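K.L.:
model this:
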Amino acid sequence: MKLAFSTVACPDWTLDRVATFAEQAGYQGVELRTFGSGSTQFACDPALSEPEKVRRLFAPTGCDVACIATSARFDDALSPPIIGHILDGTPKGVVDTGWAVELAARLEAPLVRVFAYQIPASETRSSGVARIVDRLELAVATARNTGVRLAIENGGSFPTAASLSELLDRVNNPLLGAAYSPIIAAQAGEGASGGINVLGDRLFSVKLKDYADGKPQELGKGGANAEATVQALAKVGFTGWAVYELDRAWLGTPGDPSEVLTSSARTFFRWIGKSFEPSGTARGVLSVR
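P.N.:
Coordinates of the predicted model:
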C-alpha cells in the first residue's frame, strides 16, 4: 500500500510547500481537498492553479496527487417530488463530480472522492437509495475514458462498508469503489478488518485517523487503533492509498502540522515493517528492515 496525507491538515500551506513537504516527510502522495472553481477556503486548493503548474510542482518530488477530495454528494431531494427529475437540470452532485474528474484527469490523479450521504427521515430508504444510485450512475459516466475512478466515502446514511456495498452493487461499475473511513464505520459497530473484507477489490483508498479527547492526534497516539487497520490492509495485500487525515482544518487545531505529519509517516512505515531513508525522491525512500 501507498501512504498519502490529506491537505485538511494544512489548509494554509501553498501547493509548493505541500509538494516539498510530502517528499521530505516520506509520503508517496497527497490527497488534495478542493471546494471547486473559485474557492479560496484552502490556500492549497488545486482549483486555484493551472493543472500544468500543479503537475510541475509535484513532478520533481516523486510524490503523486493521490486523490481529488470533493464535497460532491447525491442526496438532494427532488423538487417538486414527482416531476422534479424532469424539471431539474443535471443534479449538482453530478456537475461537481464531472468538474473534479476533469481536474483529476489533467493532474493525472487516479481518484475523485465523493459522498452519497443522508436520506431524510421522511423518505423511505428504498426511494433514497434509488435516487442516489441514479445520480451515481450519471457521475460515473463522467469518468469514462479519463483514467479516473470515483471513490465514495462512508458516512451519513451509509456509515459502513456493508451499507456502501448496497450502492456499489446497484451501480456495478468498475469505475466506482470505496474510500473507506474505519473510524466512521466503528461508530456504527463495524470493525475495520470486517469492512476491508466486505469491500474486497472495490476498496480504492482508506482513511487513517487518530483522536484523543476529541482532538486529532498523530497515528498511534489516540484511541482509534489505526495500527489494526494498517495490519488488516497489509494482511489482504492492499495496494491502494492509505490517506492520513489530520482534521486540523475542521477542528481548528493550532500550530504547524509538520511534526505530526512526519511522525505519523514514520509510525505507518514502522507498522508495515519499512523505514524512511531520504534518497532524493519519495518513490525511492522505502526499504524493508
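K.L.:
all contacts plus neighbour counts: C-alpha atoms, from now on.
P.N.:
Noted.
K.L.:
OK, contacts around the closest residue to residue 119 other than its chain neighbours?
P.N.:
Counting by C-alpha to C-alpha, 6 or more residues apart in numbering, residue 128 is the residue found nearest to residue 119 once chain neighbours are left out, at 5.6 Å. Contact analysis of residue 128 by C-alpha atoms under 8 Å, 6 or more residues apart in numbering lists 75, 119-120.
K.L.:
how about the helix or strand hosting residue 128: buried residues?
P.N.:
In the assignment (DSSP states H and E), residue 128 maps to helix 125-141. Buried residues in helix 125-141, counted by 16 or more other C-alpha atoms under 10 Å: 128-129, 131-133, 135-140.
K.L.:
go on, stretch 255-262?
P.N.:
Neighbour counts over stretch 255-262 (16+ other C-alpha under 10 Å) mark 261-262 as buried.
K.L.:
now, which of the buried residues of helix 125-141 sits nearest residue 1?
P.N.:
Nearest to residue 1 out of the buried residues of helix 125-141 is residue 140 (C-alpha to C-alpha; 24.7 Å).
K.L.:
lowest-scoring secondary structure element of the chain by mean pLDDT?
P.N.:
Lowest on mean pLDDT, DSSP states H and E among the helices and strands of the chain sits strand 286-288, with a mean of 35.
K.L.:
any low-confidence regions in the stretch 1-150 of the chain?
P.N.:
Low-confidence segments of the stretch 1-150 of the chain (pLDDT under 70): 78-88.
K.L.:
would you map the strands across it?
P.N.:
2-6, 29-33, 64-69, 111-115, 149-153 (DSSP state E, counting those that start in this stretch).
K.L.:
the ones you listed: which one's closest to residue 237?
P.N.:
The minimum distance between residue 237 and these falls on strand 2-6, with 11.4 Å, by C-alpha to C-alpha.
K.L.:
which other helices and strands contact the closest one?
P.N.:
In terms of contacts (3 or more C-alpha pairs under 8 Å, 6 or more residues apart in numbering; DSSP states H and E), strand 2-6 is packed against strand 29-33, strand 241-244.
K.L.:
dump it to CSV, restricted to CA.
P.N.:
What follows is strand 2-6, C-alpha atoms only, in CSV (Å, rounded to 0.1, in the frame of the first residue of the first chain):
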residue,chain,number,x,y,z
LYS,A,2,1.0,3.6,-0.5
LEU,A,3,0.9,6.4,2.0
ALA,A,4,-0.6,9.9,1.4
PHE,A,5,-1.8,12.7,3.6
SER,A,6,-4.9,14.9,3.2
